[in-house]
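coordinates only, no sequence provided:
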């Protein structure tokens with residue numbers, strides 16, 4: 001048995017994404033007019049974040065059927081991106097798809113009632129979040145940076161970088177978990193600058209005290 005989305009859930013996902021593919025590298029418009037004035041075209045798909053049935057991409061057997069077919073388990077994508085994320089589930093994991101969904105719905109909400117020319121420019125928090133999206137669920141570097149008197153005495157980088165897993169990110173917080181930590185940490189995104197860790201070939205989150 002497949003836990004497919006009901007039609008009302010499909011409409012909800014499409015509307016919450018403003019009929020735009022949620023892949024930030026795609027953002028294709030998924031609906032438009034046919035030549036027939038009474039019809040329209042749709043290339044959008046209400047895709048499952050965790051699969052509708054066993055054997056599917058990212059299937060989670062702990063979910064109850066009603067949650068598996070609810071809007072919380074769905075993301076709006078164009079047909080190409082829906083095929084892509086299911087063909088490479090290790091690259092397109094649950095954390096990444098949830099981050100795509102958050103950004104697309106957030107941008108859709110900001111755009112309601114605004115003309116193209118009046119929409120605000122991308123914020124620094126949005127820029128950082130977009131850069132980190134592809135690293136959700138993967139290992140990144142985290143380093144505590146010295147500020148103020150500390151920096152004068154110890155230098156800007158008195159502590160070494162550590163490997164952590166980037167669990168989630170949005171425009172307010174970045175959540176990370178290190179090896180051996182009992183709990184994850186949420187760090188305000190405004191207190192982070194992005195660098196690059198050459199040794200580990202991954203982003204470096206430079207954490208500054210606010």
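Perfect, thanks for sending it. On a predicted model such as this, the values are computed, not experimentally measured, just so you know. Numbers count the residues shown, from 1 in each chain.

report the distance from stretch 84-103 to the chain centre.
8 Å (Cα atoms, centre = their mean, to the nearest Å).

what are the buried residues along it?
Burial within stretch 84-103, assessed by neighbour count using 16 or more other Cβ atoms under 10 Å, is assigned to 85-86, 89, 92-103. Glycine gets a C-beta too; all of them are placed from N, C-alpha and C.

nearest to residue 4, of those?
Top of the list for closeness to residue 4, among the buried residues of stretch 84-103 and by Cβ to Cβ, is residue 86 at 14.5 Å.

hang on, the earlier thing: tell me the one of the buried residues of stretch 84-103 nearest residue 166?
For the buried residues of stretch 84-103, with residue 166 as the reference and Cβ to Cβ as the criterion, the closest is residue 95, at 8.0 Å.

list the helices and strands the single longest helix found in the chain packs on?
Looking across the chain with DSSP state H, the single longest helix is helix 94-111. Secondary-structure packing of helix 94-111 (3 or more Cβ pairs under 8 Å, 6 or more residues apart in numbering; DSSP states H and E): strand 74-78, helix 124-132, strand 162-169.

would you list the ones you listed in JSON lines and tack on mean neighbour count and mean pLDDT?
Listed next are the helices and strands packed on helix 94-111 as JSON lines, based on neighbours: other Cβ atoms under 10 Å; pLDDT from 0 to 100:
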{"stretch": "strand 74-78", "mean neighbour count": "27", "mean pLDDT": "97"}
{"stretch": "helix 124-132", "mean neighbour count": "17", "mean pLDDT": "86"}
{"stretch": "strand 162-169", "mean neighbour count": "19", "mean pLDDT": "92"}
